[in-house]
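Peer 1: all I have is the shape, not the residue letters:
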Ligand SMILES: [Cu+2]
């Protein structure tokens, strides 16, 4: 693992005009005008100081803004039980929050509504979504949201761009069914996704979804930081490691072992129950090879395409970055079923 | 890039809408997470009771 790193701190704020120009003119590659770089270097190489104490690689762990960043997989809207289109309101708040990746390791996450993945948005095909997005007053950066469930410029990214304290609105019609990612899409979109800004919108088909006993919601993304995996202290973001696609953590629901007995607890179901899993791969770069250890997906919509027939009895589904998965499982015997990325060398 | 020209279609996509506040149900549930610099309150368990 490398310890040398170049960090860019989010210390200055782009104007709305600057960010809009960034989206229009330079696409995803532009960071100009959005961040003020300040470079630090550590790790191998000649020491620049004659002081006796070595310069610590990391700052101390930060003061926590939240004791949990992992979305509760059960805290999702109920299946839709109506036969007509409605207008559905969705209120998102973009918040930057210091929280633990694992005990003693802190990171400045960026979130939708303080959770990773962001809240599951649930609507029915034909519904009209009235979206309000508010950027928290304490934010340091501009944010927005791009919904893959709509056709329109930037998936709404241009219309929803908000600087701290600002609120924007967007209305769109969910004209096609499926499970789709939404994510922040400011010019340095990969940074914002890697800091946690992604979620899933589930557009149920008009005929609804088959009844199941439980529904669970998860998401995977990578964290690129200046520290080593497990190194205590505050981990700044590492653009170098992101460019190398060399994550410090690959996390389910934002932090290490979040939805396990060692983390925030695991959902419990009974023998004979059925479960529907809604899973988003935020990336920004790595797919998830999603496998339930000790089970199989009875049905799998690997790309979230609910208008298509599912694959049956699937062991491992490839879920691309920027894509969502839907699968069902049944439980004929008791015991633990562990959801993993079967690229098993990935940490967390 | 593909440039699309033509009339706006606000029924499908309206980047500058007026909302009818009493016509809506919510498409999300509140996580109950208490975030922000001033708060570090606890959160309920993720365990699902069957
Ligand atoms: Cu953002």
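Peer 2: On my side now, so go ahead. All values reported here derive from a predicted model rather than from experimental measurement.
Peer 1: quick one: the helix or strand bottoming out on mean pLDDT in chain B near chain A?
Peer 2: When the helices and strands of chain B are scored by mean pLDDT, DSSP states H and E, strand B:24-26 comes last with a mean of 82. Yes. Judged by C-beta under 8 Å from any C-beta of the partner chain, strand B:24-26 comes into contact with chain A at B:24, B:25, B:26. Every C-beta, even on glycine, is put in place using the N, C-alpha and C of the backbone.
Peer 1: partners of that strand in the sheet?
Peer 2: strand A:87-102 (parallel) (DSSP bridges).
Peer 1: from residue A:98, how far out is residue A:253?
Peer 2: Residue A:253 sits 17 Å away from residue A:98, going by C-beta to C-beta, to the nearest Å.
Peer 1: mind checking which of these two has more residues around it?
Peer 2: Neighbour comparison, residue A:253 and residue A:98: the larger count goes to residue A:253, with 26 against 19 (by other C-beta atoms under 10 Å in any protein chain shown).
Peer 1: wait, that one sits on residue A:75?
Peer 2: No. Applying C-beta atoms under 8 Å, one finds residue A:253 not in contact with residue A:75, separated by 11.2 Å.
Peer 1: what ranges does the stretch 101-250 of chain A have for its helices?
Peer 2: Under the criterion DSSP state H, counting those that start in this stretch, the stretch 101-250 of chain A carries helices at the ranges A:189-194, A:239-243.
Peer 1: how far is the first one from where the chain is centred?
Peer 2: Once both centres are worked out by C-alpha atoms, centre = their mean, to the nearest Å, helix A:189-194 turns out to sit 9 Å from its chain's centre.
Peer 1: which strands or helices does that helix pack on?
Peer 2: Applying 3 or more C-beta pairs under 8 Å, 6 or more residues apart in numbering or on different chains; DSSP states H and E, we find helix A:189-194 packed against strand A:178-183, strand A:214-223, helix A:239-243, strand A:274-283.
Peer 1: thinking again about what came up before, looking at the helices of the stretch 101-250 of chain A, spot the one closest to residue B:1.
Peer 2: Nearest of those to residue B:1, taken as C-beta to C-beta: helix A:189-194 at 16.6 Å.
Peer 1: report the mean confidence score over that closest one.
Peer 2: The pLDDT scores in helix A:189-194 average 98.
Peer 1: hmm, that helix in reach of the ion?
Peer 2: Yes. Legend: contact between helix A:189-194 and the ion by C-beta under 5 Å from the ion is shown at residue A:192.
Peer 1: what's the pLDDT at residue B:22?
Peer 2: 63.
Peer 1: err, residue A:318, not the other one
Peer 2: 97.
Peer 1: checking my notes, it in a helix, right?
Peer 2: No. Checked against DSSP: H, G, I helix; E, B strand; the rest coil, residue A:318 lies outside a helix; its state is strand.
Peer 1: quick check: it touching residue A:287?
Peer 2: Yes. Using C-beta under 8 Å, residue A:318 makes contact with residue A:287 at a distance of 5.4 Å.
Peer 1: what about these two, which has more around it?
Peer 2: Neighbour count, other C-beta under 10 Å: between residue A:318 and residue A:287, residue A:287 has more, with 17 against 14.
Peer 1: for that one, which residues are in contact?
Peer 2: For residue A:287, the contact set (C-beta atoms under 8 Å, 6 or more residues apart in numbering or on different chains) comprises A:281, A:318, A:319, A:320, A:321.
Peer 1: about what we covered before: so which of the helices of the stretch 101-250 of chain A is the most packed in?
Peer 2: Mean neighbours per residue, mean count of other C-beta atoms under 10 Å in any protein chain shown, is largest over the helices of the stretch 101-250 of chain A for helix A:189-194, with a mean of 23.
Peer 1: other residues contacting that helix?
Peer 2: In contact with helix A:189-194 (C-beta under 8 Å, 6+ apart) are residues A:28, A:31, A:110, A:141, A:143, A:183-186, A:221-224, A:237, A:239, A:242, A:282-285.
Peer 1: next up, the contacts around the closest residue in space to residue A:128 that isn't next to it in sequence.
Peer 2: Computed as C-beta to C-beta, 6 or more residues apart in numbering or on different chains, the closest residue to residue A:128 that is not its neighbour in sequence is residue A:87, at 4.7 Å. By C-beta under 8 Å, 6+ apart, the contact list for residue A:87 reads A:127, A:128, A:129, A:130, B:20, B:23, B:24, B:25.
Peer 1: re the thing from before, next, format the contacts of residue A:287 as a markdown table and append distance to residue A:211.
Peer 2: Output for the contacts of residue A:287, formatted as a markdown table (distance: C-beta to C-beta, whole Å):
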| residue | distance to residue A:211 |
| --- | --- |
| A:281 | 26 |
| A:318 | 28 |
| A:319 | 24 |
| A:320 | 29 |
| A:321 | 31 |
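Peer 1: widest-spaced pair of those residues?
Peer 2: Pairwise distances across those (C-beta to C-beta) peak at 10.7 Å, for the pair A:318 and A:321.
Peer 1: and the helices and strands packed on helix A:189-194: which comes nearest residue A:205?
Peer 2: strand A:178-183 (8.5 Å).
Peer 1: got a list of what the most centrally placed residue in chain A touches?
Peer 2: Nearest to the mean C-alpha position of chain A, counting by C-alpha atoms, centre = their mean, stands residue A:198 at 3.6 Å. By C-beta under 8 Å, 6+ apart, the contact set of residue A:198 is A:112, A:116-118, A:181-184, A:219, A:221, A:280, A:282-283.
Peer 1: having no further points to raise, I will conclude here.
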